[in-house]
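S.K.: please work out how this folds:
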Amino acid sequence: MKTHCLLSINKIILMMKINLNTIKKVVVSLFIAAAFISSVFAQKTPEETTKISFPKTTQFSDTKLTYKITDAPNKTFGYDIYAGDHKMIHQSSVPGLPGNEGFKTRVAAVKVADLVKQKIRKGEMPPTITIGEMKKLKAIK
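M.R.: Residues are numbered from 1 along each chain as shown. Sure thing, here's the model as predicted:
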């Protein structure tokens with residue numbers, strides 16, 4: 001009985017060593033795989049990425065600029081700005097304010113869209129609209 005018990009303990013120890021070696025191999029394999037995957041998806045350097053740039057300030061001086069008032073969430077209004085037939089800007093929410101809602105009235109959206117057109121015409125790119133400007137236009141309170 002004592003010999004049988006010792007034999008069983010030896011078998012268990014041997015199995016534990018085998019399992020431990022298997023676990024070590026799996027961990028090393030996972031580490032190598034993670035290193036490979038991270039190198040594949042590594043962040044690109046600035047030279048490798050496409051630069052995003054705004055149009056030249058004179059690009060739209062002779063272009064027909066128009067706007068279209070759009071519906072926005074919760075029965076509010078936004079606007080799209082077009083240069084010729086090309087949509088330049090889609091603004092469905094009030095610029096500079098948190099949330100997704102647009103302007104409370106169509107008139108307010110028109111006032112801000114007109115201001116955006118003026119800024120583009122002057123060469124201001126991007127045509128940033130401040131809260132102060134919208135208050136001055138009475139587009140927001």
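S.K.: ok, then the element right after the host helix or strand of I81?
M.R.: Element membership for I81 (DSSP states H and E) is strand 76-83. For strand 76-83, the following helix or strand on the C-terminal side (DSSP H and E) is strand 86-91.
S.K.: partner strands of that following strand, parallel or antiparallel?
M.R.: Take DSSP bridges as the rule and strand 86-91 pairs in its sheet with strand 76-83 (antiparallel).
S.K.: please name the nearest non-neighbouring residue to K64.
M.R.: With CB to CB, 6 or more residues apart in numbering as the criterion, K64 has its nearest non-adjacent residue at 5.8 Å, and that residue is G84. In short, each C-beta sits where N, CA and C put it, glycine included.
S.K.: now that neighbour: how far from V107?
M.R.: Note on G84: its distance to V107, by CB to CB, to the nearest Å, is 26 Å.
S.K.: start and end of stretch 90-109, how far apart?
M.R.: 12 Å (CA to CA, to the nearest Å).
S.K.: what's the average pLDDT for that stretch?
M.R.: In this model, stretch 90-109 has an average pLDDT of 95.
S.K.: can you give me the buried ones in that stretch?
M.R.: By neighbour count on 16 or more other CB atoms under 10 Å, the buried set for stretch 90-109 is 91-95, 101-104, 108-109.
S.K.: nearest residue to T63 other than its sequence neighbours?
M.R.: That would be A83: by CB to CB, 6+ apart, it lies 4.8 Å from T63.
S.K.: now the helices for this structure?
M.R.: 2-40, 106-121, 131-136 (DSSP state H).
S.K.: least reliable of those by average pLDDT, please.
M.R.: helix 2-40 (a mean of 68).
S.K.: ok, so what distance separates the closest residue to Y79 other than its chain neighbours from N21?
M.R.: The shortest distance from Y79 to any non-neighbouring residue, by CB to CB, 6+ apart, is to A113 (4.0 Å). Distance, A113 to N21, by CB to CB: 70 Å.
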